[in-house]
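> below are the sequence and a predicted model; questions follow.
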Number of protein chains: 2
Amino acid sequence: MKELIWHRQLLPALDRHATAPFLTDASTGVTTTYGEHGARVVKLANAMRTELGLARDERYAVLSLNSARFEELYHAGFLGGGVVNPLNLRFAPRELTHVLADSATRVVFVDAAFAPVIDAVRAAAGVTTVVLLGEGDVPHDVSYEALLAAGSGTVPEEPDEDDPAILMYTGGTTGLPKGVLLSQRSLMLTLYHIKMTVPLEEHDIYLAQVPMFHAASMGVIVGTPTTGGQMVTVPFFDPPAVLDAMEKYAATSTIMVPTMLAMTFAHPAYSPERMASLQKMTYGASPMPRPILDRLRSEQPQLLLYQGYGMTESAALVSVLLPEDHLREDKLASAGRAVAGTVVSIQDIAGNALPVGEVGEVCMRGGQFMSEYWRRPEETAEAFRGGWYHSGDAGYLDDEGFLYLVDRTKDMIVSGGENVYSTEVEQAVASHPAVAQVAVIGIPDDVWGEAVHAVVVLKPDADVSAEALIEHCRGLIASYKVPKSVEFRTEPLPLSGAMKVLKRELRAPYWEGRERSVN
Amino acid sequence: MKELIWHRQLLPALDRHATAPFLTDASTGVTTTYGEHGARVVKLANAMRTELGLARDERYAVLSLNSARFEELYHAGFLGGGVVNPLNLRFAPRELTHVLADSATRVVFVDAAFAPVIDAVRAAAGVTTVVLLGEGDVPHDVSYEALLAAGSGTVPEEPDEDDPAILMYTGGTTGLPKGVLLSQRSLMLTLYHIKMTVPLEEHDIYLAQVPMFHAASMGVIVGTPTTGGQMVTVPFFDPPAVLDAMEKYAATSTIMVPTMLAMTFAHPAYSPERMASLQKMTYGASPMPRPILDRLRSEQPQLLLYQGYGMTESAALVSVLLPEDHLREDKLASAGRAVAGTVVSIQDIAGNALPVGEVGEVCMRGGQFMSEYWRRPEETAEAFRGGWYHSGDAGYLDDEGFLYLVDRTKDMIVSGGENVYSTEVEQAVASHPAVAQVAVIGIPDDVWGEAVHAVVVLKPDADVSAEALIEHCRGLIASYKVPKSVEFRTEPLPLSGAMKVLKRELRAPYWEGRERSVN
């Protein structure tokens, strides 16, 4: 079928908003209109076929900071140029080689800064053509603007709604990344779900600071472009640049993950009035520490807050805690309720739905979910067993359908036969005023199986002993959850591309030569 | 696929809003909650299978005034009970027999008042089981409540999204009605389109006065039930009952067609403050005479107005004139712009897209469109030729994508080689203060081919001559469009189930024994 396709969304938006500003690149100050964007995207889509010889279902990769070109590369693919494979900027050369080879991607679009990395892996990865975004004296085969100029201006034939649109490799929190294949239909349904949940309006100016290679950017990729609103991109998250862009362009809407907020608040460039133009903020990806949320709400009282929960496999949004839900103290710790067309079910290992309040694996269904893990039929079947997508998150539902996430199932600590949810312990540790960052992991223990261990980064000039931190937790959580040991670090904790702490890396030295039941 | 199905919409709504009021029948004052509605619908769906022996893809008919039971009968079908065939209350026995036989419908659910009509046609129509809604000493086989009580409480297995959900026969403005088959997917996509266009909110109290057998009720059938909002039904449109219900239940939202508004304004029971609780009104189905619109806006200034355009084949909504568009004088005559996921194209007879401003047939595409005209592959192929649904409406687009309807193609008058759009002439005649109702048709003329003829009903106590009306028009429209003759009637003009004037009936006596090129 040909109805749930990007043609139906982008082309009417171009008609309606041809002369309206579409995207401003804050690093250059250049703004393109909807009309200009549309003309470039059509030419690019055609050039991919005629100049690069890409088949419509063939992958091309993008290794780029946030920019107008990145948006063009998404939309050109969706209009029939090919299947976009956005590369995580934190991928190590080994991961890049794996992703490019695994996806049989021959063509890579790359920023000058990353061209040497691609050049180093191209032979091993099987890359035949490197297209350079922008300028630079770096190894490449074709320049982006020359390629685009060669494309015809005829809108490409419509794809089918089940045709692939994005192959997005999931962040490397476990082993090598897997490709998540999203169809045109996935994108359109996630667009509908977003639009019915988080208002995207014509007057909105959306600041794209989350990396565009990440599924959390789906709102920028398919949401804002269909509304007539304007986008502003910053190349990457950097508090002073973000604050400058917010002020200069009077941004009204953005997505931030808690780590980004914490870093912004901690930066000398921050002052509350610099974010005063913001009307809506979506946050998510990891639990929001209460002090950060409280500070955000007290310093930006004008903000409508949306907490989103989702993953690459769901083309992002699964549940949302709405602004009105934020007024209910007992719901603040939840990830909200399922969005339109999406159902959440908490299941035990056998696939039985668990009653309200019981912790199990968070499972879900909805039209927006991926078609498959790229060429991994067994892992796809495993993820969708019983017809439900299994998230790997542990959580429970309350009697109003609010979802509470307690942990990644693999980050859960089993100590003396009790389940300890690392996130709960982290909230306790983080509530100590000296703590800047914390991750709680299970380490081997001959008596308890696993022992609760906290890895802590203190605030500058702050000081607290391990004993005092443990004592602090004792007043907040049950004794079996209290860390048995605390390790202090001065470097920030290692983060994934989605800015989640890489607990597997923290665990690794402790488990060397041993087997952990889940890892 | 199993994602775009009613299970995914109704069941979460029941979970969230179990104890909230769902539907109030204004004629009895009885209110059911979401939880009660859900329990009844599940039992009914199962009883259809176990007690009536209906197959999941088998049709059952409903001949009923607006009521909670009508809503139950829709939802039970959508959950797997069968395919609902809602019967137009204005169908003559000949049409009823045709619709029931054409659709091979064996089971009919009927109000006591209409049971004798069904009894009279049951043999010819092939009906085997009549289920009586409510009480009454009338011919029937089973009572609705007894049937429902026999059903199990287990949620039926999910259908596929391409499974049929509704078979709705289109109003008889040409020949015998045709069945329009709408899938689960159609309903879900139209729901998404409605929700993204006309806000349906949890605090809304929606008054259902449009007949529930009609596609214009799609908002009641699939929209409001998913929001947590409340519905109030009046059995049928009757100004005093509607005004009583608006006041008593403080209705915030409703749909009215222009004829209903005109009749309400003309009724002694009307006073502006009786509609003061309304916040949103959708109107459509036929052009809104400017005096009615002006009166509505001046007497109900609080109203957000949405003009909707659509047809049964599109599961209703195709384009909407939004409240902000109503502020633009030059857009007021338009039917707004296409809703999400829907594209409008104006085409000539050969299927070429026409440029901005040129009049042609209004064609459209979107995921919400019907699967087929029931068992009429040739008419289905004809309607969807070139991949576009052909509406039979003549219109044009402006450079901002606003759609202007000029006429039904078959109501267009060809006079001396010029196309005259009947609606334009009607607006001119209706602007005379003495005119209550007008329809303009083409009648045979030996010189001009067709002559423009106006059928007019005057306001009570008003008086105007044919000559004076013609003179009035001369100042407003080109001379070839001015009526050549005027006919006065004292009875209201004949209306279809959708309350559109049946011009075919008005034309018939003039064309007896003659052939009109389009009829």
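Cool, got the structure. Source: prediction; values computed, not measured. Numbering: from 1, shown residues only, chains lettered A, B, ... in the order given.
> what sits closest to the residue in the stretch 1-150 of chain A positioned nearest to chain B if chain neighbours are left out?
As assessed by CB to the nearest CB, chain B sits closest to A:Glu3 within the stretch 1-150 of chain A, at 3.5 Å. Where you see a C-beta, it was placed from the backbone N, CA and C, and this is true even at glycine. Excluding its sequence neighbours, the residue lying closest to A:Glu3 (CB to CB, 6 or more residues apart in numbering or on different chains) is B:Gly367, at 3.5 Å.
> does the one you found touch B:Gly341 like I think?
Yes. Applying CB atoms under 8 Å as the test, B:Gly367 and B:Gly341 come out as touching, 5.7 Å apart.
> identify the contacts common to the two.
Counting by CB atoms under 8 Å, 6 or more residues apart in numbering or on different chains, the contacts common to B:Gly367 and B:Gly341 are A:Glu3, A:Leu4, B:Leu189.
> list the contacts for the first one?
Right, the one you point to is A:Glu3. Counted by CB under 8 Å, 6+ apart, A:Glu3 has contacts A:Glu161, B:Leu189, B:Gly341, B:Arg365, B:Gly366, B:Gly367.
> can you count the residues close to the residue in the stretch 201-350 of chain A positioned nearest to chain B?
With CB to the nearest CB as the measure, A:Gly341 is the residue of the stretch 201-350 of chain A nearest to chain B, at 5.6 Å. By other CB atoms under 10 Å in any protein chain shown, 24 other residues sit near A:Gly341.
> do A:Gln209 as well
With other CB under 10 Å as criterion, A:Gln209 counts 29.
> sorry, back to before: okay, and which of the shared contacts of B:Gly367 and B:Gly341 map to strands?
Judged by DSSP state E, strands contain none of those.
> just those residues: which are in helices?
The helices, defined by DSSP state H, take in B:Leu189 from the shared contacts of B:Gly367 and B:Gly341.
> looking at the stretch 101-250 of chain A, what residue ends up closest to chain B?
For the stretch 101-250 of chain A, CB to the nearest CB, closest residue to chain B: A:Tyr192, 4.7 Å.
> what's around that residue, how many residues?
27.
> I'd like the next helix or strand past the lengthiest helix in chain A.
In chain A, taking DSSP H as the definition, the longest helix is helix A:34-50. Counting by DSSP states H and E, the next helix or strand C-terminal to helix A:34-50 is strand A:59-63.
> what's that next one packed up against?
helix A:68-76, strand A:83-86, helix A:93-102, strand A:107-111 (3 or more CB pairs under 8 Å, 6 or more residues apart in numbering or on different chains; DSSP states H and E).
> pick out the shakiest of the ones you listed, pLDDT-wise.
Of all the helices and strands packed on strand A:59-63, the minimum mean pLDDT falls on helix A:93-102 (a mean of 94).
> return it as CSV; C-alpha atoms alone will do.
The C-alpha trace of helix A:93-102 is given here as CSV (Å, rounded to 0.1, in the frame of the first residue of the first chain):
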residue,chain,number,x,y,z
PRO,A,93,36.5,2.0,14.2
ARG,A,94,35.7,-1.7,15.0
GLU,A,95,32.0,-0.8,15.4
LEU,A,96,31.9,1.3,12.3
THR,A,97,33.5,-1.5,10.3
HIS,A,98,30.9,-3.9,11.7
VAL,A,99,27.9,-1.7,11.0
LEU,A,100,28.9,-0.9,7.5
ALA,A,101,29.8,-4.4,6.6
ASP,A,102,26.8,-5.9,8.4
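> next one: phi and psi at A:Arg385?
phi -60, psi 140 (degrees, to the nearest 10).
> can you give me the neighbour number for the nearest residue to it once chain neighbours are set aside?
Residue nearest to A:Arg385 in three dimensions, not counting chain neighbours: A:Gly351, with 6.8 Å by CB to CB, 6+ apart. When neighbours are defined as other CB under 10 Å, A:Gly351 has 15 of them.
> same check on A:Asp399?
Neighbour count of A:Asp399, defined by other CB under 10 Å: 10.
> now name the helix or strand holding it.
Assigned by DSSP H and E, A:Asp399 falls within no helix or strand.
> got the contact list for it?
A:Asp399 touches A:Val356, A:Gly357, counting by CB under 8 Å, 6+ apart.
> can you rerun that using 6 Å?
The contact partners of A:Asp399, by CB atoms under 6 Å, 6 or more residues apart in numbering or on different chains, come to A:Val356.
> what values do phi and psi take at the residue nearest to A:Glu3?
With angles defined as degrees, to the nearest 10, B:Gly367 sits at phi -70, psi -10.
> which pLDDT does the model give it?
Reading off the confidence values, B:Gly367 has pLDDT 94.
> just to revisit the earlier point, you'd agree the residue of the stretch 201-350 of chain A closest to chain B is up against A:Gly366?
Yes. Using CB atoms under 6 Å, A:Gly341 is in contact with A:Gly366, at 5.3 Å.
> who in the stretch 251-400 of chain A is up against chain B?
Those residues of the stretch 251-400 of chain A that sit near chain B, judged by CB under 6 Å from any CB of the partner chain, are A:Gly341, A:Val343, A:Gly367.
> where does the second one land in three-state SS?
What DSSP: H, G, I helix; E, B strand; the rest coil gives for A:Val343 is strand.
> check which helix or strand the residue lying closest to it once chain neighbours are set aside maps to.
Excluding the flanking residues, the one nearest A:Val343 by CB to CB, 6+ apart is A:Arg365, at 5.1 Å. According to DSSP H and E, A:Arg365 maps onto strand A:360-366.
> paired strands for the helix or strand that that strand is followed by, with orientation please.
Following strand A:360-366 in sequence order, the next helix or strand is strand A:372-373 (DSSP H and E). With DSSP bridges as the test, strand A:372-373 is paired with strand A:179-183 (antiparallel).
> got the buried residues for the partner strand?
A:Gly179, A:Val180, A:Leu181, A:Leu182, A:Ser183 (16 or more other CB atoms under 10 Å in any protein chain shown).
> tell me which two in those residues are the farthest apart.
A:Gly179 and A:Ser183 (13.4 Å; CB to CB).
> how about the strands in the stretch 401-519 of chain A?
Remark: strands assigned in the stretch 401-519 of chain A by DSSP state E, counting those that start in this stretch are A:403-408, A:413-415, A:418-420, A:435-445, A:449-458, A:485-489.
> turn the ones you listed into JSON lines, columns for mean neighbour count and mean pLDDT.
Shown next, in JSON lines, are the strands of the stretch 401-519 of chain A (neighbours: other CB atoms under 10 Å in any protein chain shown; pLDDT from 0 to 100):
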{"stretch": "strand A:403-408", "mean neighbour count": "21", "mean pLDDT": "86"}
{"stretch": "strand A:413-415", "mean neighbour count": "19", "mean pLDDT": "85"}
{"stretch": "strand A:418-420", "mean neighbour count": "17", "mean pLDDT": "81"}
{"stretch": "strand A:435-445", "mean neighbour count": "22", "mean pLDDT": "91"}
{"stretch": "strand A:449-458", "mean neighbour count": "21", "mean pLDDT": "92"}
{"stretch": "strand A:485-489", "mean neighbour count": "15", "mean pLDDT": "94"}
